[in-house]
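mind folding the following:
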Amino acid sequence: MGQLTVHAGVWTLEDRFASPWHYLPVEVAPGTAALRVEFEYERAGAILDLGCLGPSGFRGWSGGARQSFVIAGDYATPGYLPGEVEPGLWQVVIGLHLVPPHGVRYRVTAEPCSVNGDPEAVSAPPAPTSRPARRDLPATQGRRWLAGDLHAHTVHSDGVLTVPELACFAVGRGLDFIAVTDHNTVSHHAELPAATVGYAITLIPGQEVTTAHGHAGVLGDTGWIDFRGSPDDWLDAAERGGGLMSVNHPIAGPVSWLHQMRRHPPLVEVWHWSWLDLAWTTPLAWWQAWDPATIPVGGSDWHRPGSDAPPGTPTTWVECADADPVAILDGMRAGRVAISAERDGPLLLRTDGELLAFGADGLVLAGPDGAYRRVRADIARMPGVPGYHRLLSPSGATLALTP
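Okay, here's the model as predicted:
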């Protein structure tokens, strides 16, 4: 079949301290049709990530979700990019996320292989489903409010749904758009246009730049963002590619945001499923301390049933001139956003200089300095006072937010 390359040994804490990422060389001969890599390690107390660089750069990342991958001309394991298996020096990238005090023994094998059909064949894409009726919301002339989710994962990283399955699921949840933000890869981007057409939902290309010191969402067709750089590098790359960057789940246990930056990205994921008690104001306090000028957005961070909130929980609303990804990003860039706990729940919007509350009868409208009025109608119009506002339940839970 071809030359077998084997790397084996023990990763230590000192290796982790030296660098989070280590590179194992693999020499690929001319004429190689496909490359297979297998990765084994002792799992007690250890978490190691897996990825690949080819002679021309990035070829894929699966983090801790996989222990093997195949790359061929017309196929690649989800998370990896298909294309020519170039001759020359390849590198298997190992991320040392968690290494126990006694170290972790590992073995990596890489060899040419043949690919006959799809090695990870999946079931047929689901049939399109009907979308719940859209909410009738007033908008500035020439625009409309679209309901979406800015944070979701598929089999291209550590999610369980394929891209078509996620699209179908999001349609059933009543969403108009969803950003597909797999970890440290863009392999899913090639599937988004067909699923957008097939399921009549806008799939925004994205990626979650994932490190031990925090996660960032990059939205837009920006090309791959090198997670090994600094957050300032990520922001520069996102802007060069016409995209938007967000700090994801800044307060989320061991994956909270610890990075320092010279300047701040335009978005921050203030509302994440990990905001378990909506009466807590901790995410809002972090946002105001970090940078109150950043635009708040929400994301479910959907991976699989039973682990995360489903898509649209929370829902990010964007007032857009069109439903394509560029128009949605333009709406967010301009700050025309709102967030609600769910698509059909109470909602607070800014339109034509007014604050409009929907499903709000009996709720409390809170301005930047606290609650200042009870809402007495299911649909209420109020002056568009500057500063972020929230709709609260009588017990103080945040149900909707608008900057």
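
between the two ends of stretch 345-358, how far is it?
End-to-end distance of stretch 345-358: 8 Å, with CA to CA, to the nearest Å as the criterion.

so who does W290 touch?
Neighbouring residues of W290 by CB atoms under 8 Å, 6 or more residues apart in numbering: 247, 250, 264, 268. For the C-beta atoms, the positions are set from N, CA and C on the backbone; glycine is no exception.

could you turn the buried ones of the residues you listed into a ChimeraX selection?
This is how ChimeraX selects the buried members of these, with burial counted by 16 or more other CB atoms under 10 Å:
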select :247,250,268
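
reformat the contacts of W290 as JSON lines; add distance to I47 and pLDDT.
Shown next, in JSON lines, are the contacts of W290 (distance: CB to CB, whole Å; pLDDT from 0 to 100):
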{"residue": "V247", "distance to I47": "23", "pLDDT": "98"}
{"residue": "P250", "distance to I47": "22", "pLDDT": "97"}
{"residue": "H264", "distance to I47": "29", "pLDDT": "98"}
{"residue": "V268", "distance to I47": "27", "pLDDT": "98"}
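
can you name the two of the contacts of W290 that sit furthest apart?
P250 and H264 (11.4 Å; CB to CB).

any chance of the contacts of W290 in CSV, with secondary structure and distance to S187 too?
Shown next, in CSV, are these (DSSP: H, G, I helix; E, B strand; the rest coil; distance: CB to CB, whole Å):
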residue, secondary structure, distance to S187
V247, strand, 24
P250, coil, 27
H264, coil, 29
V268, strand, 27
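
name the nearest of the contacts of W290 relative to A289.
P250 (10.1 Å).

right, and that closest one touches S256 too?
Yes - the pair P250 / S256 is scored as a contact, 6.2 Å apart, by CB atoms under 8 Å.

what's the spacing between stretch 270-282 and its chain's center?
Averaging C-alpha positions (CA atoms, centre = their mean, to the nearest Å) puts stretch 270-282 18 Å from its chain's average.

now the end-to-end length of that stretch.
10 Å.

about what we covered before: mutual contacts of P250 and S256, please.
What both P250 and S256 touch, as defined by CB under 8 Å, 6+ apart, is the set G214.

can you tell me what sits against the lowest-mean-pLDDT helix or strand in the chain?
For the chain, scoring each helix and strand by mean pLDDT, DSSP states H and E identifies strand 370-374 as the least confident one, at a mean of 85. Residues from elsewhere that reach strand 370-374 (CB under 8 Å, 6+ apart): 362-366, 382, 392.

go on, stretch 18-32?
For stretch 18-32, contacts defined as CB under 8 Å, 6+ apart pick out 2-3, 5, 7, 11, 15, 35, 37, 53, 85-97, 108, 110, 112, 211-212, 228.

tell me which of the residues you listed fall in strands.
5, 7, 11, 35, 37, 53, 88-97, 108, 110, 112, 211 (DSSP state E).

report the buried members of these.
Buried members of the ones in strands among the contacts of stretch 18-32, counted by 16+ other CB under 10 Å: 5, 7, 11, 35, 37, 53, 90-97, 108, 110, 112, 211.

H97 against G64, yeah?
Yes - counting by CB under 8 Å, H97 touches G64, with 6.8 Å between them.

which neighbours do those two share?
47-49.

tell me how far the nearest residue to A293 once chain neighbours are set aside lies from R373.
Nearest non-adjacent residue to A293, counting by CB to CB, 6 or more residues apart in numbering: H264, 7.9 Å away. To R373, H264 is 32 Å away according to CB to CB, to the nearest Å.

V70 too?
61 Å.

quick one: which of those two has more around it?
V70 (19 against 11; other CB atoms under 10 Å).

how about residues contacting whichever strand or helix holds that one?
For V70, the enclosing helix or strand under DSSP states H and E is strand 68-72. Outside strand 68-72, the residues that touch it by CB under 8 Å, 6+ apart are 33-39, 50, 52, 54, 59-60, 62, 76-77, 79-83, 85, 113, 115, 119.

what does stretch 8-17 give?
By CB under 8 Å, 6+ apart, stretch 8-17 touches 22, 41, 48, 94, 96, 99, 101, 103-108.

which among those gets closest to D344?
Closest to D344, out of all of the contacts of stretch 8-17 and judged by CB to CB, is L48, at 42.3 Å.

which of the three states applies to that closest one?
The three-state assignment at L48 reads strand, by DSSP: H, G, I helix; E, B strand; the rest coil.

beta partners for the spatially closest residue to it that is not a sequence neighbour?
Closest residue to L48 apart from its sequence neighbours, by CB to CB, 6+ apart: Y41 at 5.3 Å. When bridges are called by DSSP bridges, Y41 pairs up with Y106.

roughly how far apart are Y41 and T185?
21 Å.

so for the two, which sits in the more crowded spot?
T185 (26 against 19).

can I assume the more buried one is in contact with S157?
Yes - the pair T185 / S157 is scored as a contact, 6.3 Å apart, by CB under 8 Å.

got any residues that touch both of these two?
Joint contacts of T185 and S157 (CB under 8 Å, 6+ apart) are 61-62, 79.

adding pLDDT as columns, could you present the residues you listed in CSV?
Shown next, in CSV, are the shared contacts of T185 and S157 (pLDDT from 0 to 100):
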residue, pLDDT
W61, 98
S62, 98
G79, 98
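
if you rank these by neighbours, which is first?
With neighbours defined as other CB under 10 Å, the most crowded of these is W61; it has 30 neighbours.

and for the one helix or strand that residue maps to, what's in contact with it?
Under the criterion of DSSP H and E, W61 resides in strand 57-63. Defining contact as CB under 8 Å, 6+ apart, one finds that strand 57-63 is touched by 49-53, 69, 71, 76-81, 83, 90, 93, 95, 157-158, 183-185, 187, 210, 224, 226-227.

let's see that with 6 Å instead.
For strand 57-63, contacts defined as CB atoms under 6 Å, 6 or more residues apart in numbering pick out 49-52, 71, 79-81, 183-185, 224.

tabulate those (a markdown table), appending distance to D233.
Converted to a markdown table, those look like this (distance: CB to CB, whole Å):
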| residue | distance to D233 |
| --- | --- |
| D49 | 19 |
| L50 | 23 |
| G51 | 18 |
| C52 | 21 |
| I71 | 26 |
| G79 | 22 |
| Y80 | 23 |
| L81 | 21 |
| H183 | 17 |
| N184 | 14 |
| T185 | 17 |
| W224 | 12 |
